[in-house]
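In: What would the 3D arrangement of this be:
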Amino acid sequence: MFGRRLGNRTSRAQRTSPLAALRTPPSAGVLSCRVLDPVNEPVPHAEFAVSDGMGRKVVSGETDPYGAFMTAVPAGEYRLAVSAEGYAPYRASATVTENALASLGDVTLQVARPPALPEAGDWQVEPTHSSIAFTARHIGLARIHGRFNSFAGAVRIGEQMESSAMHVVIDAGSIDTNVRMRDDHLRSADFLDVERFPTLEFYSERFAHRGGNRWAVTGALSLHGVTRTVTLDAEYLGLGNGMEGEVRAACRATTELHRDDFTVSWQTMLARGIAVVGPSIRIELDVQIVRQG
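Out: Below is the predicted model of the structure:
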């Protein structure tokens with residue numbers, strides 16, 4: 001009877017042990033924590049990275065919908081980094097021992113101070129430190145990476161950032177995927193038709209703050225003789241000084257375009273029926289602007 005009761009207690013302990021959720025080898029332990037915001041609400045999808053004493057990343061991932069994560073790692077000393085949009089990064093050290101739980105408990109992230117916005121006035125895109133790149137599918141599997149080498153742009157920053165405007169002009173003939181034959185084809189009437197449509201243009205006067213350093217910039221993109229509304233998902237990176245002391249502002253932005261929306265619908269097929277270039281193209285911008293006057 002005594003043995004049966006002891007066995008029952010042991011069985012219940014195994015079912016409720018934090019280690020029961022993970023199968024760990026004999027030389028490993030478990031590292032865990034729960035990530036909260038300043039009002040003690042969980043932060044789902046916060047990114048975490050665990051590095052060893054040499055600074056090498058051992059494991060990374062995201063917190064679950066309840067702000068928690070639990071990961072098995074070899075016994076040793078570790079550094080934990082936690083980050084989430086709109087919050088200051090959190091860092092901590094932890095010692096993990098064999099077949100044991102190293103819990104950091106509740107980790108509270110502090111709201112990050114957003115970077116200072118550029119002053120109102122006229123700014124210009126600085127092409128030397130900016131890039132307009134794209135990624136497209138090729139023959140259904142691989143990816144094509146390319147860029148436009150020639151472009152110009154102006155930004156008028158309003159007294160309120162939401163009242164700002166921008167205008168960017170891209171030389172369609174400057175497309176560059178590092179393969180001359182492919183680039184010539186992309187410039188042809190099958191795709192961009194640069195003889196008829198020598199430029200791509202984007203104009204926006206709708207800047208919407210999405211919280212933290214995230215902005216949505218919505219405007220009209222003219223490509224291949226067609227104009228469509230496009231929204232850039234932008235991350236503002238803040239202010240800095242250039243080599244000559246001039247003030248610069250920087251941001252990154254992404255969007256996705258669909259070729260058919262702009263009648264770039266060339267569909268040469270391979271023998272197996274796979275399109276040579278996929279229907280969607282991801283655009284990535286890395287932009288610096290400098291103050292004028």
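In: what sits against the closest residue to Glu62 other than its chain neighbours?
Out: Leaving aside its sequence neighbours, Glu62 sits nearest to His45 (C-beta to C-beta, 6 or more residues apart in numbering; 4.8 Å). Every C-beta, even on glycine, is put in place using the N, C-alpha and C of the backbone. The contact partners of His45, by C-beta atoms under 8 Å, 6 or more residues apart in numbering, come to Glu62, Thr63, Ala84.
In: His45 belongs to a strand, doesn't it?
Out: No. According to DSSP: H, G, I helix; E, B strand; the rest coil, His45 belongs to no strand; its state is coil.
In: Got phi/psi on it?
Out: Torsion angles at His45 (phi, psi; degrees, to the nearest 10) stand at phi 60, psi 20.
In: pLDDT-wise, which helix or strand of this protein ranks last?
Out: Ranking every helix and strand in the chain by mean pLDDT, DSSP states H and E puts helix 2-16 at the bottom, with a mean of 39.
In: can you list contacts of the following helix or strand past it?
Out: Counting by DSSP states H and E, the element after helix 2-16 in chain order, helix or strand, is strand 28-36. Strand 28-36 is contacted from outside by 18-19, 22, 24, 42-43, 46, 48, 50, 63, 66-75, 78, 80, 82, 84, 90, 94, 96-109, using C-beta under 8 Å, 6+ apart.
In: And these, which of them are buried?
Out: 19, 24, 42-43, 46, 48, 50, 63, 67-73, 75, 78, 80, 82, 84, 90, 94, 96, 101-102, 104, 107, 109 (16 or more other C-beta atoms under 10 Å).
In: Show me the helices in the stretch 151-293 of the chain, by range?
Out: Per DSSP state H, counting those that start in this stretch, the stretch 151-293 of the chain carries helices over the ranges 180-187.
In: low pLDDT regions in it?
Out: Residues of the stretch 151-293 of the chain meeting the criterion pLDDT under 70: 259, 261-279.
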